[in-house]
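In: sequence-free structure coming up:
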Ligand SMILES: C[S@@+](CC[C@H](N)C(=O)[O-])C[C@H]1O[C@@H](n2cnc3c(N)ncnc32)[C@H](O)[C@@H]1O
């Protein structure tokens, strides 16, 4: 089965376990700072229209809705969207990224803020990033929070490639493993450039006790129309 289908299948099968883990605060890195980091980064841009890409059970969509945003959450997992809808606080739609790239009108917009919190898991992400950038308002921001490449590499090679999340470290059993694509920082910067986006800010929220990075947080905006892309420099 292609990786993208495996990712989709895992989020259908893991929907209940994931919802428990998120809603009962069972994910240590989220408690330690990544939830607060993404909410803080979103807040200045979240007063108008907000799109939460890969919203899962909807915690961030609800938080941004409560902060005054008009929020739409999208996710390919129908059971997670059902769970999000039941909790309310935003509009929710079942949609896969490939479908949004093929039918960009489904992305509607323009959006003042688009956010993807730990939701970009596939190898090919440039077409999605480009499609999202094209639906941003001129002053809008695309915020991406993802695993920190240095921490995620651990003792393994610092090299782009597929990894497997077993969810073994979670205190609730997850029925399915999930493939995900590990990206170095250089690859992130290349993907951003190829998508016609510009990096406005890069943050590395750190664990308050250990000082180790908890995540990589990227604030992106649309590239200038017609401006030359940075490309490789000597
Ligand atoms: C780790 S969860 C994060 C959920 C949520 N953003 C949060 O912070 O709790 C990843 C989410 O991305 C969604 N996702 C992954 N690949 C997707 C795709 N190709 N199309 C739509 N949703 C996708 C999954 O269904 C899942 O809900």
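Out: That came through, no problem. Just so it is clear, the structure is predicted and the values come from calculations on it, not from any experiment.

In: Contacts for stretch 98-116, please.
Out: Applying Cβ atoms under 8 Å, 6 or more residues apart in numbering, the external contacts of stretch 98-116 come out as 4, 38, 42, 45-54, 60, 64, 69, 72, 74, 95, 127-128, 131-132, 134-145. C-beta: built from backbone N, CA, C; applies to glycine.

In: I meant to write stretch 56-71 there.
Out: 11, 15, 18-19, 22-23, 35, 38-39, 42-43, 46-52, 55, 72-73, 75, 77, 80, 83-85, 87-92, 113, 115, 117, 119.

In: what comes up buried for the longest strand anywhere in the chain?
Out: Determined from DSSP state E, the single longest strand within the chain is strand 136-146. Using 16 or more other Cβ atoms under 10 Å as the test for burial, strand 136-146 gives 136, 137, 140, 141, 142, 143, 144, 145, 146.

In: distance of residue 163 from residue 49?
Out: Distance, residue 163 to residue 49, by Cβ to Cβ, to the nearest Å: 34 Å.

In: Can you pick out the most distant pair from the buried residues of strand 136-146?
Out: Of all pairs drawn from the buried residues of strand 136-146, the widest gap by Cβ to Cβ lies between 137 and 146 and measures 23.1 Å.

In: so what's the residue nearest the centre of the chain closest to, chain neighbours aside?
Out: For the chain, residue 116 is the residue whose C-alpha lies nearest the centre (Cα atoms, centre = their mean; 2.6 Å). In space, and not counting its chain neighbours, residue 116 is closest to residue 53: 4.4 Å by Cβ to Cβ, 6 or more residues apart in numbering.

In: is it true that that neighbour touches residue 132?
Out: Yes. The pair formed by residue 53 and residue 132 meets the contact definition of Cβ atoms under 8 Å, at 6.8 Å.

In: one step back: just checking, what packs against the longest strand of the chain?
Out: With contacts taken as 3 or more Cβ pairs under 8 Å, 6 or more residues apart in numbering; DSSP states H and E, strand 136-146 sits against helix 35-42, strand 111-117, helix 126-134, strand 216-222.

In: buried sites along the last one?
Out: Pointing back at strand 216-222 there. Buried residues in strand 216-222 (16+ other Cβ under 10 Å): 216, 217, 218, 219, 220, 221, 222.

In: The ligand versus the fourth one, what's the distance?
Out: Okay, so that is residue 219. 17 Å (Cβ to the nearest ligand atom, to the nearest Å).
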